[in-house]
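# Take this sequence and fold it.
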Amino acid sequence: MKKKALTAVCLLIALIANAQNFSSDINRKNKGLGAKPGTDAYRHSSAGGQKSNNNNPLIDFKTYSNDFLLKEASAYIYKKNYMDSALMCYSIIYKRYAENKETVSDTMLTKTLNGLWYIYFFHYYDYIKSNEILKESLNVCKERKLNSAWVYLDFGFMYQMIAEQSMEKSLYRKAFEYYKSAFHEARKYKDWGIMLNAFGNIVMVSTELQGLRSIHSEVAAFKQIPKDFNALEYEYDSLLYSGVMALERNDIETALKCFKKQLLLFKNFALDYARYAYLAHINLAKGYNLQGNYEKALQELKIGVRISADFETKDTKLEAYKLLHETYTKIGDARQATTYQNKYVLLKDSLLNYRLIAGINEMEFENKMKDVELHLKQLEHQKEIQRIVIFLFMIIGGIVAVSLLLITSKNKKLNQSNQALFRKNIELFQSEEKERLRRQELEEQIAENKQERKYKSSNLSDRRKEELLQKVLTLMDNDDCIYLCDFSANQLAAKVGVNYKYISQVINEMMHCSFSNLLNKYRIKEACKRIEDKERYSGFTLEAIGNSVGFKSRSSFIAAFKQITGLTPFDFQRNIDAKAKVISK
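The predicted structure is shown next:
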């Protein structure tokens, strides 16, 4: 609650400050738009910028030509903290296109759309907005009969990046299909740059899907690309393919030679090729890992982390943290493994939560765009405009304050509800412990009379069902195998010593639930115990506790916890902490 209040106060201060800055910007003259060489695509294209006239930029942006705005936008992309200015340039061009399609050429339109996508995807991490831009881009290409290879390429990159964060194979497959579409569409237009770009990504995604053997047609088409078009990238992609193929054959030495040759191509690289160098170091680390040379693997991974930090590519840093955690785990360094696991989880959370912060930036950008138009129409009433802008921001501040009061009230009620659910679950767990002891006594009675029972194999009597149920529940009460992530009903049946269909029948008829629901109940009960056990599990994150009882992902753990207890793991932990404080007093 304190964090929400602090966030709201900071937002209010930022809004007022922004209003004051805007007001002062209206009167500020002789401020140039300075530029330096930039890029309007995430791997290749670059365009030089030029300095603007010494006029107020809020006025000038709207009066500049499309060509000049495009060059300025490309230059701004390379400057830190200037993404809003680049976004404004691209947005003005696109607004002109929306008002009169004839005023914007095909080449300029595709560069503008690509630039908008780049900023929303790589700077704001706004995947929804990025997806909308790509859909619009695809419609524009179809309407104007343009080469749409770059759109498919961006779609592929978007799905690949999200897949790397979520580890969903279905998203990798979508990325793979989009890269193939980009590759073959570019081939029709002899767009060698897109083909080279798409091919490298096809190789990496097919490696993740373990489907390198399925890209023979793409490999053959790749060899038809003129080698002198971009000798550096052609050589890089060739070495990449040879290296990963060698890894698949377990020819580690050949693979390492290929990846080392890749690094020699980028002795002096900048932002354009940062991802290329990073990938070469990561592939070297994977090769050293397979070779058992963990010391060199760690060196390469740490270089990858430095590259990610230098060029602010959070997605690559996320992958590097994950690989560092896995490598330290292999060599038995639990402390370092835990450190990088925590860094991985924190960065993953920050990427997911970044959208909230980006929303404020987008709001400020949209307001600036409106202010530009307002200034052009009512230049002679500057003081009046200042009062209007400040008044509007004060209204927003008032809305924020009212919203904060409403949130406070709702959270108070929610906390009361959560505490009630917490007490109910504690009572339920105590009741279930008594039931477990009763089942244990019943199991002993059943064992004594086992020889007296005879049943037909094709039918289960009620007595037999009760016996099987007791065996199932006894095993799940006492055997930690149920906390393994791959534990299945077939494994349970094998341990009990009966056919799988009988296990399923008994659980459905006697417990009135499915096997997975029963398994989740036991796992969540154990998770609650581990959350409460501060002595043994104080160093575990909630996600780590979920993994320790068999949940493969954070989302599945939270969903199951909420379904069974009525609380999220965080709320449960917070109630445990509150209870401990009361007891300590």
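# Enumerate the helices of the stretch 51-200 of the chain by residue range, in sequence order.
Under the criterion DSSP state H, counting those that start in this stretch, the stretch 51-200 of the chain contains helices at 57-63, 66-77, 83-99, 106-118, 127-144, 149-166, 169-188, 192-208.
# Mind listing what's buried along stretch 254-262?
255-259, 261-262 (16 or more other Cβ atoms under 10 Å). Quick note: C-beta positions are derived from backbone N, CA and C, even for glycine.
# Ok, stretch 185-204 next?
Neighbour count says stretch 185-204 has 185-187, 191-204 buried, by 16+ other Cβ under 10 Å.
# do stretch 140-150 as well
140-141, 146-150.
# Helices of the stretch 251-400 of the chain, start to end?
252-264, 274-291, 294-310, 314-330, 334-377, 382-448.
# tell me the average confidence for the fifth one?
Meaning helix 334-377. Across helix 334-377, pLDDT averages out at 62.
# pLDDT below threshold where in the chain?
1-62, 80-81, 267-272, 350-383, 429-430, 433-434, 436-437, 440-441, 443-458, 585 (pLDDT under 70).
# how much space is there between the residue nearest the centre of it and residue 98?
Nearest to the geometric centre of the chain sits residue 165, at 3.9 Å (Cα atoms, centre = their mean). According to Cβ to Cβ, to the nearest Å, residue 165 and residue 98 sit 33 Å apart.
# Tell me how far stretch 474-490 lies from the chain's centre.
Centroid separation for stretch 474-490 versus its chain: 31 Å, with Cα atoms, centre = their mean, to the nearest Å.
# ok, residue 564 - contacts?
Applying Cβ atoms under 8 Å, 6 or more residues apart in numbering, one finds that residue 564 lies in contact with 520-521, 524.
# how close does the nearest residue to residue 73 once chain neighbours are set aside get to residue 101?
Nearest residue to residue 73, sequence neighbours excluded (Cβ to Cβ, 6 or more residues apart in numbering): residue 89, at 3.7 Å. From residue 89 across to residue 101, the span is 19 Å (Cβ to Cβ).
# Those two: who's more crowded?
residue 89 (26 against 12; other Cβ atoms under 10 Å).
# That one and residue 119, how far apart?
10 Å.
# Tell me the one of the buried residues of stretch 254-262 nearest residue 124?
residue 262 (31.0 Å; Cβ to Cβ).
# need the contact list for the residue nearest to the closest one when sequence neighbours are not counted.
The shortest distance from residue 262 to any residue other than its chain neighbours is 4.0 Å, reached at residue 280 (Cβ to Cβ, 6+ apart). Residue 280 makes contacts with 259, 262-263, 266, as judged by Cβ under 8 Å, 6+ apart.
# again, 6 Å this time
For residue 280, the contact set (Cβ atoms under 6 Å, 6 or more residues apart in numbering) comprises 259, 262-263.
# Residue 513 in helix, strand or coil?
With DSSP: H, G, I helix; E, B strand; the rest coil as the basis, residue 513 sits in coil.
# List the contacts of it.
Counting by Cβ under 6 Å, 6+ apart, there are no residues that residue 513 touches.
# burial measure for the nearest residue to residue 211 once chain neighbours are set aside, as a count.
Nearest non-adjacent residue to residue 211, counting by Cβ to Cβ, 6+ apart: residue 176, 7.7 Å away. Number of residues near residue 176 (other Cβ under 10 Å) recorded here: 24.
# Phi and psi next, for residue 223.
Here is the backbone geometry of residue 223 (degrees, to the nearest 10): phi -70, psi -10.
# measure it to residue 243 for me?
Taking Cβ to Cβ, one finds residue 223 at 17 Å from residue 243.
# who has more neighbours, the two?
residue 243 (27 against 10).
# Sort out which residues of the helix or strand encompassing the more buried one are buried, please.
Secondary structure from DSSP states H and E places residue 243 in helix 231-248. Across helix 231-248, burial judged by 16+ other Cβ under 10 Å covers 233-234, 236-247.
# ok now do residue 92, which residues does it touch?
Neighbouring residues of residue 92 by Cβ under 6 Å, 6+ apart: residue 69.
# quick one: stretch 550-558 to chain centroid distance?
With Cα atoms, centre = their mean, you get 16 Å for stretch 550-558.
# So which residues make contact with it?
483, 485, 523, 543, 546, 568.
# can you redo the contacts of residue 564 as a markdown table with secondary structure and distance to residue 552?
Listed next are these as a markdown table, based on DSSP: H, G, I helix; E, B strand; the rest coil; distance: Cβ to Cβ, whole Å:
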| residue | secondary structure | distance to residue 552 |
| --- | --- | --- |
| 520 | helix | 12 |
| 521 | helix | 17 |
| 524 | helix | 15 |
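# Buried among these? Need that as a selection in ChimeraX.
Only the buried entries of the contacts of residue 564 go into this ChimeraX selection, using 16+ other Cβ under 10 Å:
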select :520,521,524
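# and of the contacts of residue 564, the nearest to residue 291?
residue 520 (40.0 Å).
# I'd assumed residue 560 was in contact with the closest one.
Yes - contact between residue 520 and residue 560 holds when scored by Cβ atoms under 6 Å: they sit 4.5 Å apart.
# quick one: the closest residue to residue 94 other than its chain neighbours and residue 92, what's the gap?
Computed as Cβ to Cβ, 6+ apart, the closest residue to residue 94 that is not its neighbour in sequence is residue 112, at 5.5 Å. Applying Cβ to Cβ, the value for residue 112 to residue 92 is 9 Å.
# what do you get for residue 128?
23 Å.
# swap in residue 387?
Separation of residue 387 from residue 92 (Cβ to Cβ): 26 Å.
# With residue 339 instead?
According to Cβ to Cβ, residue 339 stands 46 Å off from residue 92.
# Burial check on the residue nearest to residue 576 when sequence neighbours are not counted, number of neighbours?
Spatial nearest neighbour of residue 576, excluding adjacent residues (Cβ to Cβ, 6+ apart): residue 532 at 5.3 Å. For residue 532, the count of nearby residues is 17 (other Cβ under 10 Å).
# Likewise for residue 278?
25.
# contacting residues for it?
304, 307, 316.
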